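Novice: next come a sequence and a model predicted from it.
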Amino acid sequence: MNELPQQLANGLILGAMYGLIAIGYTMVYGIVQLINFAHGEIFMIGGFGALTVHLMLPDGFSLAAAIPLMIIGGMICSVAVGTAAERFAYRPLRGAPRLAPLITAIGLSILLQQAVWKWYPDAKKDRSFPQFDGEPLSVLGANIQIGSLFVLVAAPICMLALGLFVNKTRSGRGMQATAQDPDTAKLMGINTDRIIVMAFAIGAAFAAIAAVGYGLHNGQVGFKMGFILGLKAFTAAVLGGIGNIYGAMLGGLVLGIAESLATGYIGDIPGMELFGGGAWKDVWAFSLLILVLLLRPQGLLGERVADRA
């Protein structure tokens with residue numbers, strides 16, 4: 001039990017990253033009913049974009065001052081790739097059978113991963129990401145690295161900003177209208193193409209923020225990092241209720257905490273020694289998804305049309 005605060009802190013950090021990435025999945029699905037399996041690679045590209053900005057800065061430049069620039073650089077890269085994918089890969093298939101855009105998304109995911117592996121300098125191995133110096137902070141019995149605080153602060157700020165945008169702005173209400181009935185929204189004068197691009201852009205921007213948090217927490221980025229993180233984030237989106245922006249963040253937090261607790265404690269249960277440790281964390285994460293879908297197929301919060309974006 002002495003480890004419980006640390007395990008909860010680890011789960012919150014992991015869950016906040018999952019939630020930020022999951023928002024991109026749920027926003028796109030809420031509007032165009034598309035599961036964008038390339039979103040994990042958009043997250044990965046945001047991490048390399050942020051790293052590129054840091055490498056371009058002069059030696060001795062403060063990391064605290066560099067983080068806003070790294071976020072902007074990561075966002076530019078992620079949003080550019082995300083909106084280009086919508087325009088050239090998904091929009092031509094909007095009226096096609098559901099399987100066509102799904103296969104396209106999987107192919108685009110592989111293409112982006114291999115493009116970074118081939119053309120980004122030294123991307124064949126993980127690249128070091130800048131870290132804050134100093135001792136970990138003690139918070140309620142848990143030791144948290146300074147860099148790990150970034151995602152814990154960024155996640156609620158992003159959720160608050162997104163909630164205000166969706167519910168208080170004209171574009172946000174346009175997103176809700178398009179999610180409910182795109183044909184009627186178009187007849188009412190809403191530019192649904194612009195709304196869809198905006199959903200891709202917001203999801204990609206949040207993924208870039210998550211990528212900066214991932215790099216600061218783990219100290220490295222790699223061309224493979226988007227695959228498993230993308231699957232976990234999609235799991236979080238389904239767990240919370242696909243199409244529900246608040247459910248995406250809740251699903252991420254639940255998944256992160258459950259994964260951390262399972263990793264830390266299941267191996268201590270008599271007869272379960274073989275199933276503990278980090279090697280089994282993905283198994284327990286997806287087992288939780290299966291359990292929730294069996295008991296509550298619509299997810300924890302369900303699909304609330306008024307909140308879809």
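Specialist: Yes, it's here. Residues are numbered from 1 along each chain as shown.
Novice: show me the contacts for residue 298.
Specialist: residue 241 (Cβ atoms under 8 Å, 6 or more residues apart in numbering). (C-beta placed from N, C-alpha, C; glycine too.)
Novice: give me the element the nearest residue to residue 136 once chain neighbours are set aside is part of.
Specialist: Nearest-residue entry for residue 136: residue 143, 4.1 Å, with adjacent residues in sequence omitted and distances by Cβ to Cβ, 6 or more residues apart in numbering. Assigned by DSSP states H and E, residue 143 falls within strand 142-144.
Novice: CA atoms only: put stretch 146-159 into CSV for me.
Specialist: What follows is stretch 146-159 as a C-alpha-only set of coordinates in CSV (Å, rounded to 0.1, in the frame of the first residue of the first chain):
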residue,chain,number,x,y,z
ILE,A,146,9.3,17.8,-13.3
GLY,A,147,8.8,16.9,-17.0
SER,A,148,5.9,14.6,-16.1
LEU,A,149,4.0,17.5,-14.6
PHE,A,150,3.6,18.9,-18.1
VAL,A,151,1.0,16.4,-19.3
LEU,A,152,-0.9,16.6,-15.9
VAL,A,153,-1.2,20.4,-16.4
ALA,A,154,-1.8,20.3,-20.1
ALA,A,155,-4.6,17.7,-20.1
PRO,A,156,-7.2,19.7,-18.0
ILE,A,157,-6.3,22.9,-19.7
CYS,A,158,-6.9,21.3,-23.1
MET,A,159,-10.2,19.7,-22.0
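Novice: what about that stretch, average pLDDT?
Specialist: The pLDDT scores in stretch 146-159 average 92.
Novice: list the buried residues in it.
Specialist: Of the residues in stretch 146-159, those buried under the neighbour-count criterion (16 or more other Cβ atoms under 10 Å) are 146, 147, 148, 149, 150, 151, 152, 154, 155, 158, 159.
Novice: per-residue pLDDT, residue 268?
Specialist: So, for residue 268, pLDDT stands at 63.
Novice: now swap in residue 277 and tell me
Specialist: Reported pLDDT for residue 277: 62.
Novice: the helices in the stretch 151-300 of the chain, which residues?
Specialist: Using DSSP state H, counting those that start in this stretch, the helices of the stretch 151-300 of the chain run over 170-180, 182-187, 192-218, 225-240, 245-265, 281-295.
Novice: can I get these in CSV with mean pLDDT and distance to residue 118?
Specialist: Shown next, in CSV, are these (pLDDT from 0 to 100; distance: least, Cβ to Cβ, whole Å):
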stretch, mean pLDDT, distance to residue 118
helix 170-180, 91, 36
helix 182-187, 88, 37
helix 192-218, 95, 20
helix 225-240, 91, 15
helix 245-265, 89, 31
helix 281-295, 83, 27
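Novice: so for residue 5, which of these sits nearest?
Specialist: Checking the helices of the stretch 151-300 of the chain against residue 5 by Cβ to Cβ gives helix 245-265 as the closest, at 11.3 Å.
Novice: and which of the buried residues of stretch 146-159 is nearest residue 290?
Specialist: residue 155 (25.6 Å).
Novice: which residue packs closest to that closest one, ignoring adjacent ones?
Specialist: In space, and not counting its chain neighbours, residue 155 is closest to residue 16: 3.8 Å by Cβ to Cβ, 6+ apart.
Novice: where does the one you found land in three-state SS?
Specialist: Assigned state for residue 16: helix (three-state reduction, DSSP: H, G, I helix; E, B strand; the rest coil).
Novice: show me what contacts it?
Specialist: 151, 152, 154, 155, 213, 252, 253, 256.
Novice: now render these as JSON lines, adding distance to residue 91.
Specialist: Output for the contacts of residue 16, formatted as JSON lines (distance: Cβ to Cβ, whole Å):
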{"residue": "151", "distance to residue 91": "32"}
{"residue": "152", "distance to residue 91": "36"}
{"residue": "154", "distance to residue 91": "30"}
{"residue": "155", "distance to residue 91": "30"}
{"residue": "213", "distance to residue 91": "30"}
{"residue": "252", "distance to residue 91": "28"}
{"residue": "253", "distance to residue 91": "33"}
{"residue": "256", "distance to residue 91": "33"}
